[in-house]
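Student: How does the following fold in three dimensions:
(one chain, ligands or ions: 1)
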Amino acid sequence: MTNTTPRKRLFIRTWGCQMNVYDSARMADVLAPVGYAPAEAPEGADMVILNTCHIREKATEKLFSELGRLREAKAARRAEGGEMVLAVAGCVAQAEGAEITARAPWVDIVLGPQTYHRLPEMVARASRAAGAVIETDFPAEDKFDHLPEAVAPQGVTAFLTVQEGCDKFCSFCVVPYTRGAEFSRPVVQVLAEARRLVAAGAREVTLLGQNVNAWHGEGPDGRDWGLGRLLRALAEIPGLLRLRYTTSHPRDVDDDLVAAHRDLPQLMPFLHLPVQSGSDRVLAAMNRGHTAADFLRTVDRLRAARPDLALSSDFIAGHPGETAPDFEQTMDLVRRVGFAGAFSFKYSARPGTPAAGAPFQVSEADKDARLQALQALLRDQQDAFNRSRVGMTFPVLFTGPGRHPGQVVGRTPWLQPLHLTGPLSLVGTEASVTVLATHPNSLSGLLAAGAASQTVQPEEEPAPA
Ligand code: SF4
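Tutor: As a prediction, this is how the structure comes out:
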């Protein structure tokens, strides 16, 4: 029978991290059965969701300026005889709650990250209610239990959220307040979703969590599994060629996770491990729970297990109380480790976090100067790492067509984009490539002589865990 339900247009704007990208995809999944299909632009859409992020500076101001623009789009939709449901989701929604509808009464729904499985019900309530629907509860268990099983295909590379929330309470971070306490999805759910993603074409799966290596859960053997054990189980799924996980905390790198890096060829030799600072004084002020020496020992353990492992990290320049010698210790740590990539930011206060009200705020001029010095060093290291790949031959997973005709793009084991001239039939396969050159944001190469692409047949049907 043909489905004659008119499709409603859904536009989702996503700010922030990969977890928000994943959440947006799942919100689209939840709304698909009630008739919403993705739209390219907010104009003319029946529903617009702004999935917000609180990590970046001025997140709230950016939200309200976007809401100002959408007020006009909503009025235009009404003038054509339609309706636009406007929802604000994500961490800013969690933090600001009813304040959003007080300042922007044309918003219909405000929902926190743990409630998006209830979206269809909220849409129905919003169309009946006189005021806005506000849902900012915290039960992560509830959300994962009620999400639909069918997931929209994500492509050759896919994300899978296994963990949410954080109990670490770093001085500068809003996550424990906006995403709540640490919650790990059960093993059975994770394995089932991974199998569905592979059946839908994924060849690389990145496990996501605010503190992903704090993940733990009861395995089918009745034992408490950590992330290392989970990765071993995922590596057994036929057709799943590559595994990654992000974002990790240095305190939660246990021996089994290190051993997984040694034992699993599917686990890619690239790890994002935020350190934030190289000064023990600043690390203590940040409440990170480890020292610079602890971090260096963890790096040594990982590199001993997987010698080709490359690292990226996060850094904050100018945390309250950071002196010039503290900052020099960060530069020393960067020189000692040698990073293949990094995200670095000037400290900026997040309302409600301990560091926001701390004494000894660093001047903007000092923060700027430190950030520039740090970024110059990190950029040099990244360039050196990219150049070190030239002439090497290694497997590349091809993910799609390139920007120019006849080109395909893929990912190296170290997450660098790589393009070459080759057939589109490479997409979804892994093949050996020799790197010829580095470019500002990518590598280029050619298929290695005699390279055969590896196409592994996934299981036809997702098997029970
Ligand atoms: S461990 Fe990460 S998510 Fe948790 S509080 Fe610290 S910075 Fe935020």
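Student: C-alpha only now, for contacts and for neighbours.
Tutor: OK.
Student: Counting neighbours, what do you get for Gly357?
Tutor: For Gly357, the tally of surrounding residues (other Cα atoms under 10 Å) stands at 13.
Student: do the one 5 residues further on as well
Tutor: Using other Cα under 10 Å, Val362 has 17 neighbouring residues.
Student: for the one 5 residues further on, same thing?
Tutor: In terms of burial, Lys367 registers 21 neighbours under the definition other Cα under 10 Å.
Student: swap in Leu63?
Tutor: Burial of Leu63, expressed as a neighbour count using other Cα under 10 Å, amounts to 19.
Student: neighbouring contacts of the host helix or strand of it?
Tutor: Under DSSP states H and E, the secondary-structure element containing Leu63 is helix 59-79. Outside of helix 59-79, the residues within contact range by Cα atoms under 8 Å, 6 or more residues apart in numbering are 42-45, 52-54, 83-84, 92, 104, 106.
Student: Can you name the two of those that sit furthest apart?
Tutor: Of all pairs drawn from the contacts of helix 59-79, the one with the largest separation by Cα to Cα is His54 and Glu83; the distance is 28.6 Å.
Student: Close to the ligand: what parts of this protein are there?
Tutor: 166, 168-170, 173, 175-176, 210-211, 249 (Cα under 6 Å from any ligand atom).
Student: Torsion angles phi and psi at Pro351?
Tutor: For Pro351, the backbone dihedrals are phi -50, psi 140 (criterion: degrees, to the nearest 10).
Student: what sits against it?
Tutor: Pro351 is in contact with no residue at all, counting by Cα under 8 Å, 6+ apart.
Student: Give the buried residues for the helix holding Leu63.
Tutor: Within helix 59-79, the residues that qualify as buried are 59-60, 63, 67, 70-71, 73-74, 76-77, counting by 16 or more other Cα atoms under 10 Å.
Student: Report the rounded mean pLDDT for it.
Tutor: Taken as a whole, helix 59-79 has a mean pLDDT of 89.
Student: Pick out whichever of His54 and Glu83 has more residues nearby.
Tutor: His54 (21 against 17).
Student: Going by distance to the ligand, which of the buried residues of helix 59-79 wins?
Tutor: Closest approach between these and the ligand, by Cα to the nearest ligand atom: Ala59, at 16.2 Å.
Student: coming back round to it: filter the contacts of helix 59-79 down to just the ones in strands.
Tutor: Counting by DSSP state E, the part of the contacts of helix 59-79 found in strands is Thr52.
Student: want to throw the contacts of helix 59-79 into JSON lines with distance to Leu273?
Tutor: Converted to JSON lines, those look like this (distance: Cα to Cα, whole Å):
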{"residue": "Pro42", "distance to Leu273": "36"}
{"residue": "Glu43", "distance to Leu273": "40"}
{"residue": "Gly44", "distance to Leu273": "42"}
{"residue": "Ala45", "distance to Leu273": "39"}
{"residue": "Thr52", "distance to Leu273": "24"}
{"residue": "Cys53", "distance to Leu273": "21"}
{"residue": "His54", "distance to Leu273": "21"}
{"residue": "Glu83", "distance to Leu273": "45"}
{"residue": "Met84", "distance to Leu273": "41"}
{"residue": "Val92", "distance to Leu273": "25"}
{"residue": "Ala104", "distance to Leu273": "38"}
{"residue": "Trp106", "distance to Leu273": "41"}
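Student: For the contacts of helix 59-79, please prepare a markdown table with the additional fields distance to Ala192 and pLDDT.
Tutor: Output for these, formatted as a markdown table (distance: Cα to Cα, whole Å; pLDDT from 0 to 100):
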| residue | distance to Ala192 | pLDDT |
| --- | --- | --- |
| Pro42 | 34 | 92 |
| Glu43 | 37 | 89 |
| Gly44 | 37 | 88 |
| Ala45 | 33 | 93 |
| Thr52 | 28 | 92 |
| Cys53 | 28 | 86 |
| His54 | 31 | 79 |
| Glu83 | 37 | 89 |
| Met84 | 35 | 93 |
| Val92 | 31 | 88 |
| Ala104 | 40 | 92 |
| Trp106 | 40 | 92 |
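Student: And the helices in the stretch 1-150 of the chain, which stretches?
Tutor: Listed from the start of the chain, the stretch 1-150 of the chain has helices (DSSP state H, counting those that start in this stretch) covering 18-31, 59-79, 90-96, 98-103, 119-128, 140-146.
Student: The very next helix or strand once past the last one to helix 18-31, inter-axis angle?
Tutor: Helices and strands here follow DSSP H and E; after helix 140-146, the next one along the chain is strand 157-161. The directions of strand 157-161 and helix 18-31 differ by 90 degrees, with axes from the mean of the first three to the mean of the last three Cα atoms, to 10 degrees as the criterion.
Student: Would you mind writing the CA trace of strand 157-161 as CSV?
Tutor: Extracted in CSV, the C-alpha atoms of strand 157-161 (Å, rounded to 0.1, in the frame of the first residue of the first chain):
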residue,chain,number,x,y,z
THR,A,157,31.7,6.2,8.5
ALA,A,158,29.2,6.3,11.3
PHE,A,159,28.9,7.5,14.9
LEU,A,160,27.4,5.5,17.8
THR,A,161,26.8,7.0,21.2
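Student: quick one: that strand to chain centroid distance?
Tutor: Taking the mean of its C-alpha atoms, strand 157-161 sits 9 Å from the chain's own mean (Cα atoms, centre = their mean, to the nearest Å).
Student: Quick check: can you name the pairing partners of that strand and their directions?
Tutor: Using DSSP bridges, the strands paired with strand 157-161 in its sheet are strand 204-208 (parallel).
Student: Which is the succeeding secondary structure element to the strand it pairs with?
Tutor: Proceeding N to C from strand 204-208, the next assigned helix or strand is strand 216-218, under DSSP H and E.
Student: for whichever helix or strand comes after that next one, what is the average pLDDT?
Tutor: Sequence order places strand 224-226 as the next helix or strand after strand 216-218, per DSSP H and E. Throughout strand 224-226, pLDDT has a mean value of 96.
Student: Go through strand 224-226 and flag the buried ones.
Tutor: Taking 16+ other Cα under 10 Å as the neighbour-count basis, strand 224-226 is seen to contain the buried residues 225-226.
Student: cool, stretch 98-110 as well?
Tutor: Those buried within stretch 98-110 under the rule 16+ other Cα under 10 Å are 98, 100-101, 106-110.
Student: Which one of these is nearest to the ligand?
Tutor: Each of the buried residues of stretch 98-110 was checked against the ligand using Cα to the nearest ligand atom; the closest is Val110, at 22.4 Å.
Student: which residues touch the one residue in the stretch 1-150 of the chain that gets nearest to the ligand?
Tutor: Of the residues in the stretch 1-150 of the chain, the one nearest the ligand is Ile55, at a distance of 9.2 Å by Cα to the nearest ligand atom. Contacts of Ile55 were listed using Cα under 8 Å, 6+ apart, and they are 16, 173-174, 350.
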